[in-house]
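Asker: Make a model of this:
(one chain, ligands or ions: 2)
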Amino acid sequence: MIVVLKRGATADMIRKMVARVEDLGLKAHVIEGTERTVIAAVGEERDKREESLASCEEVEQVLPILAPYKIASKETKPEPTVVRVRDLTIGGGHIGMIAGPCAVESEAQILEAARAVKAAGAKGLRGGAFKPRTSPYAFQGLKEEGLKLLAAARDATGLAVVTEVMTPHLVELVAKYADVLQIGARNMQNYHLLQAVGEVRKPVLLKRGPSATIEEFLLAAEYILDQGNQEVILCERGVRTFESHTRFTLPLATVPYLHERTHLPVIVDPSHGTGIASLVPPMCAAAVAVGADGLIVEVHPDPKVALSDGKQSLTPDAFAETMAQCKRVADALGYTLS
Ligand code: PEP
Ligand code: MN
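Answerer: Ligands and ions are numbered 1, 2, ... in the order given. The predicted structure follows:
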């Protein structure tokens, strides 16, 4: 349930209400809104508890949260969550652009990619150091060496580093180097991993599982939020369907649909969503048009020789053109983009 505190509630009053909620055996998540503070009291809901909270003098009203996801729901927090890390801003009318290779392959490759995407105006650098590959014989990533190269690329460019973490025991290591922790599509329902990144105080980019419903997607985000990490970025990256002309099917209606239900920012990954480089620029523009809060795009200095996902990777020139086109769409709709 949502405990809406009276306007101007002091820190002391908030502490007192948190204790009250916890005494009832519920978990308290304090959400400071622009208008007033609310406490999401999460746990099994029973009428008596609601009554006992509603009678406190600090409380304006107590409302049930109808959605199965509680902290992620717009019922709990109507205003959009904006994630800011270094110069990258995602949400609240600002479209954050993240780009870079599928995988970190070498120092020269990641530096060249970082410089190119920065020159095109992006503020986030993507690049996998730990790669979830379908085949165990495919390139698995440079692991910690890759993380070090990403950190060096950040030092050289100032870009925020977005990179994937695949297992709970690697969260600490990846968080040492990354600005944003990416949870890959295959791990969307790895609940121990979600809880582990929920304990970190760094933003998490959560990709939708290729066969996950939106409710499952939001409940996965809830696992992270429930651990106290409020900075979750949702990413639509395409789902598996009967269709085979593209690698996945990229459902852009997800974006406005999610915006109706959650305050969390929603970004789109047209690279994995299509699997075909020529389709990426138009789908980037389309994602901006439907209100995406950001894009994550694969860009490789020389896609032909990429060790992974070369077919869906843009050249630096194609990315620069894509940025320019997305900016035009963003301008027309009153969003800012960088
Ligand atoms: C990636 O971003 O390179 C990746 C593996 O993406 P996904 O988890 O969406 O397949
Ligand atoms: Mn990839």
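Asker: pLDDT-wise, which helix or strand of this protein ranks last?
Answerer: In the chain, no helix or strand scores lower on mean pLDDT, DSSP states H and E than helix 47-54, which sits at a mean of 82.
Asker: Contacts made by that helix with the rest, please.
Answerer: For helix 47-54, contacts defined as Cβ atoms under 8 Å, 6 or more residues apart in numbering pick out 1, 3, 17, 20, 21, 24, 26, 41, 59, 61, 62, 64. Heads up, the C-betas are built off the backbone N, CA and C, glycines and all.
Asker: among those residues, which ones are buried?
Answerer: The neighbour count (16 or more other Cβ atoms under 10 Å) marks 1, 3, 17, 20, 21, 26, 41, 59, 62 as buried among those.
Asker: Just the pLDDT at whichever residue of the stretch 101-250 of the chain sits closest to ligand 1, thanks.
Answerer: Closest residue of the stretch 101-250 of the chain to ligand 1, Cβ to the nearest ligand atom: residue 184 (3.1 Å). We have a pLDDT of 98 for residue 184.
Asker: host element of the most centrally placed residue in the chain?
Answerer: Centroid-nearest residue in the chain, with Cα atoms, centre = their mean: residue 233, separated by 2.0 Å. Per DSSP states H and E: residue 233 is located in strand 232-236.
Asker: quick check, that strand touching ligand 2?
Answerer: No. Strand 232-236 does not reach ligand 2 (Cβ under 5 Å from the ion); its nearest approach is 12.4 Å.
Asker: That strand pairs with which strands, and in what direction?
Answerer: When pairing is defined by DSSP bridges, strand 232-236 lines up against strand 204-207 (parallel), strand 266-268 (parallel).
Asker: Keep only those of the buried ones among the contacts of helix 47-54 that are in strands.
Answerer: The strands, defined by DSSP state E, take in 3, 41, 59, 62 from the buried ones among the contacts of helix 47-54.
Asker: Is it possible to get JSON lines of the residues you listed that adds pLDDT?
Answerer: Listed next are these as JSON lines, based on pLDDT from 0 to 100:
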{"residue": "3", "pLDDT": "95"}
{"residue": "41", "pLDDT": "94"}
{"residue": "59", "pLDDT": "95"}
{"residue": "62", "pLDDT": "94"}
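Asker: Up against ligand 2, what does the stretch 51-200 of the chain have?
Answerer: Counting by Cβ under 5 Å from the ion, the stretch 51-200 of the chain sits next to ligand 2 at residue 102.
Asker: now the strands: where do they sit in the stretch 51-200 of the chain?
Answerer: Along the stretch 51-200 of the chain, counting by DSSP state E, counting those that start in this stretch, strands occupy 59-63, 83-85, 88-90, 94-100, 124-126, 160-164, 180-183.
Asker: will you turn those into JSON lines that also has distance to residue 268?
Answerer: Listed next are the strands of the stretch 51-200 of the chain as JSON lines, based on distance: least, Cβ to Cβ, whole Å:
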{"stretch": "strand 59-63", "distance to residue 268": "32"}
{"stretch": "strand 83-85", "distance to residue 268": "15"}
{"stretch": "strand 88-90", "distance to residue 268": "12"}
{"stretch": "strand 94-100", "distance to residue 268": "10"}
{"stretch": "strand 124-126", "distance to residue 268": "13"}
{"stretch": "strand 160-164", "distance to residue 268": "14"}
{"stretch": "strand 180-183", "distance to residue 268": "14"}
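Asker: Need the winner for burial among these.
Answerer: Counting by mean count of other Cβ atoms under 10 Å, strand 124-126 has the highest mean neighbour count of the strands of the stretch 51-200 of the chain, with a mean of 31.
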